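A.B. asks: Task: produce atomic coordinates for the following.
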Amino acid sequence: MNKIARDFISEENRQYNFKFGQVIASSLSGFICGSVVVSMIWMVILKSLNIF
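C.D. replies: Reported below is the predicted structural model:
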């Protein structure tokens, strides 16, 4: 399960004063990347079905 979680959270090299700040920065960048990829997949699906 830990390996799956690592796929969605990127490692930040920057040091933060609080550990929680590093977790938020990593999670946010993973969320943005995931949103972009999912949007691209949906656009391909909609284009192939001639809906959009």
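
A.B. asks: Output the below-cut-off pLDDT ranges for this structure.
C.D. replies: Residues of the chain meeting the criterion pLDDT under 70: 1-19, 22, 52.

A.B. asks: Do a quick rundown of the helices in it.
C.D. replies: Assigned by DSSP state H, the chain shows helices spanning 2-8, 19-48.

A.B. asks: Tell me the buried residues in stretch 41-49?
C.D. replies: Neighbour-count burial for stretch 41-49, with 16 or more other C-beta atoms under 10 Å as criterion, is recorded at no position. C-beta here means a position set from N, CA and C on the backbone, and glycine is covered the same way.

A.B. asks: from the helices of the chain, which stretch is densest packed?
C.D. replies: helix 19-48 (a mean of 12; mean count of other C-beta atoms under 10 Å).

A.B. asks: Distance of Cys33 relative to Ser39?
C.D. replies: According to C-beta to C-beta, to the nearest Å, Cys33 and Ser39 sit 11 Å apart.

A.B. asks: Equivalent analysis for Ser27, please.
C.D. replies: Relative to Ser39, Ser27 is positioned 18 Å away (C-beta to C-beta).

A.B. asks: Check Ile45 too.
C.D. replies: To Ser39, Ile45 is 11 Å away according to C-beta to C-beta.

A.B. asks: got it, and Phe31?
C.D. replies: Taken as C-beta to C-beta, the spacing of Phe31 relative to Ser39 amounts to 12 Å.

A.B. asks: Asn50 now?
C.D. replies: Here Asn50 is placed at a distance of 18 Å from Ser39 (C-beta to C-beta).

A.B. asks: what do you get for Ser26?
C.D. replies: In this structure, Ser26 and Ser39 are 21 Å apart, going by C-beta to C-beta.

A.B. asks: and what of Ser29?
C.D. replies: When distance is defined by C-beta to C-beta, Ser29 is 16 Å away from Ser39.
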